[in-house]
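Q: test case, fold it:
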Amino acid sequence: MKIAIQFGAGNIGRGFIGKLLSQSGYKVYFTDINESIINEMKNKNQYIVEIVGEKKEENIVKNIDGVLSNDKSLIDIIAEAEIITTAVGPTVLSIIAKTLAEGIEKRKALGNTSFLNIIACENMIKASTFLKEEIEKYISNDTAEFIEKYIGFPNSAVDRIVPPMEDSTDLLRVRVEEFKEWIVDKTLFKGTIPEIEGMQLTNNLMAFVERKLFTLNTGHAITAYIGVLKGYKTIKESIENEEIQNIVKNAMKESGEVLIKRYGFEREKHYKYIDKILNRFKNPYLKDEVKRVGRQPLRKLSFNDRLIKPLRGTLEYGTSNENLIYGIAAALKYENAEDEQAKELQEKIAANNIKDVIKEITSLEEEIIVEKIAAKYLSL
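A: Residues are numbered from 1 along each chain as shown. Coordinates of the predicted model:
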């Protein structure tokens, strides 16, 4: 039987990637530090995924097992696996790299020259490339050559919202939205590309990475920041306000114009993608709080993130950006006593000229655009 390993048995690991691997005929070993979840997987060898859209349905994911991430048997499984995926969060990739290196060393020692592909499914650009670099810190030169011949590290982009579950006695049960997207760089596989249900292949991954960043992430953030200003609690409540919806949709069209010019996306198709994103925000099962989505505003207002990067694109191509500017100004207004970045942002604004703060946190240098953001901020 084909063996897959899913690092990370959390909601994305169980509800998205691990589910697709199981459906595609793999015996899936989930590995995690959470003993309760891993023990439950060992006992049950299956779990339920709720898929919520216009209606709710349940799928049973079978042919699974669990192994603690510090269990030495994991090294043996890595030595035999055909595909390894991760959903652990970018900061944990460096931690799991040593275990993967040990498994690859064992694989080489056993003379296993069948191809292995390791795909990091993280909210991070070129996460698989980063993971490869981390693994290489722990291996010999001979094993580095072995990796170049037999082990691929295709980068990927993942998109699926996993809403919180109500209190449940079923530890493994997970809820996911109906929409899902897993796009993988087909140029970086080693050997025959595995057939995995729901995995889309591309030779231009960056186009899809930016499409998600400029559409889902941009729209989500702006919905949250304006929603907070208007006193709403959830993304659904916010996006159902006609004024907010118009600003968010037009901001996504402004960022979309950058994508159309940069990557040649078809305008009509991209507008349908925008409408799909807006409908996701309205999903009654996704009780996403605006304060949660808005947290870490300093990161979200940084030079290469979801608000400033698309704005920079509008400057590059000379296209409109007034709704993006509205969203950025709303982000500057974000207050949340439970969020350290929100507190730091408001302290900076209280102690400094708003234009100086905008320049500092966004790294924007164009005086005209900084003045437009500042003027919008002062008008809110």
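Q: going forward, measure contacts and count neighbours with C-alpha atoms only.
A: Will do.
Q: quick check: longest helix of the protein.
A: Ordering each helix of the chain by length in residues (DSSP state H) puts helix 242-263 first.
Q: could you pull out the buried residues of that one?
A: By neighbour count on 16 or more other C-alpha atoms under 10 Å, the buried set for helix 242-263 is 244-245, 247-260.
Q: cool, and stretch 287-302?
A: Quick answer for stretch 287-302 (16+ other C-alpha under 10 Å): 287-291, 293-298, 300-302.
Q: quick one: low-confidence residue ranges for the stretch 101-250 of the chain.
A: Along the stretch 101-250 of the chain, the parts satisfying pLDDT under 70 run over 167.
Q: what about the helices in it?
A: 127-135, 141-150, 205-212, 218-229, 235-239, 242-263 (DSSP state H, counting those that start in this stretch).
Q: for the last one, output the C-alpha coordinates as PDB.
A: What that stands for is helix 242-263. What follows is helix 242-263, C-alpha atoms only, in PDB (Å, rounded to 0.1, in the frame of the first residue of the first chain):
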ATOM      1  CA  GLU A 242     -23.800  46.900   1.700                       C
ATOM      2  CA  GLU A 243     -21.300  49.800   2.100                       C
ATOM      3  CA  ILE A 244     -18.600  47.400   3.400                       C
ATOM      4  CA  GLN A 245     -19.300  44.900   0.700                       C
ATOM      5  CA  ASN A 246     -18.900  47.500  -2.000                       C
ATOM      6  CA  ILE A 247     -15.600  48.800  -0.600                       C
ATOM      7  CA  VAL A 248     -14.200  45.200  -0.200                       C
ATOM      8  CA  LYS A 249     -15.300  44.100  -3.700                       C
ATOM      9  CA  ASN A 250     -13.900  47.200  -5.300                       C
ATOM     10  CA  ALA A 251     -10.600  46.800  -3.300                       C
ATOM     11  CA  MET A 252     -10.400  43.300  -4.700                       C
ATOM     12  CA  LYS A 253     -11.000  44.500  -8.200                       C
ATOM     13  CA  GLU A 254      -8.200  47.100  -7.700                       C
ATOM     14  CA  SER A 255      -5.800  44.400  -6.600                       C
ATOM     15  CA  GLY A 256      -7.200  42.200  -9.300                       C
ATOM     16  CA  GLU A 257      -6.200  44.700 -12.000                       C
ATOM     17  CA  VAL A 258      -2.600  44.300 -10.800                       C
ATOM     18  CA  LEU A 259      -2.900  40.500 -11.200                       C
ATOM     19  CA  ILE A 260      -4.600  40.800 -14.700                       C
ATOM     20  CA  LYS A 261      -1.700  43.100 -15.900                       C
ATOM     21  CA  ARG A 262       1.100  41.100 -14.200                       C
ATOM     22  CA  TYR A 263       0.000  37.500 -15.000                       C
END
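Q: packing partners of it?
A: For helix 242-263, the elements it packs on are helix 205-212, helix 218-229, helix 235-239, helix 267-281, helix 308-317, helix 322-332, judged by 3 or more C-alpha pairs under 8 Å, 6 or more residues apart in numbering; DSSP states H and E.
Q: tell me which residues of stretch 311-327 are tucked away?
A: Going by 16+ other C-alpha under 10 Å, stretch 311-327 has these buried residues: 311-314, 320-327.
Q: how is the chain divided into domains?
A: 3-198, 206-379 (automatic domain parsing).
Q: for the shortest one, how far is the first residue from the last?
A: Its start and end residues considered, domain 206-379 measures 36 Å (C-alpha to C-alpha, to the nearest Å).
Q: what do you get for the longest one?
A: Here the two ends of domain 3-198 are set 18 Å apart, with distance taken as C-alpha to C-alpha.
Q: middle-most residue in this protein, spatially?
A: Asn123 (3.1 Å; C-alpha atoms, centre = their mean).
Q: spit out the contact partners of that residue.
A: Neighbouring residues of Asn123 by C-alpha atoms under 8 Å, 6 or more residues apart in numbering: 89-90, 157-158.
Q: what's the answer for Lys359, then?
A: When contacts are counted by C-alpha under 8 Å, 6+ apart, Lys359 touches 365, 370.
Q: and it, what pLDDT?
A: On the pLDDT scale, Lys359 is placed at 98.
Q: now do the one 10 residues further on
A: On the pLDDT scale, Ile369 is placed at 98.
Q: for Glu322, see how far away it is.
A: Taking C-alpha to C-alpha, one finds Ile369 at 10 Å from Glu322.
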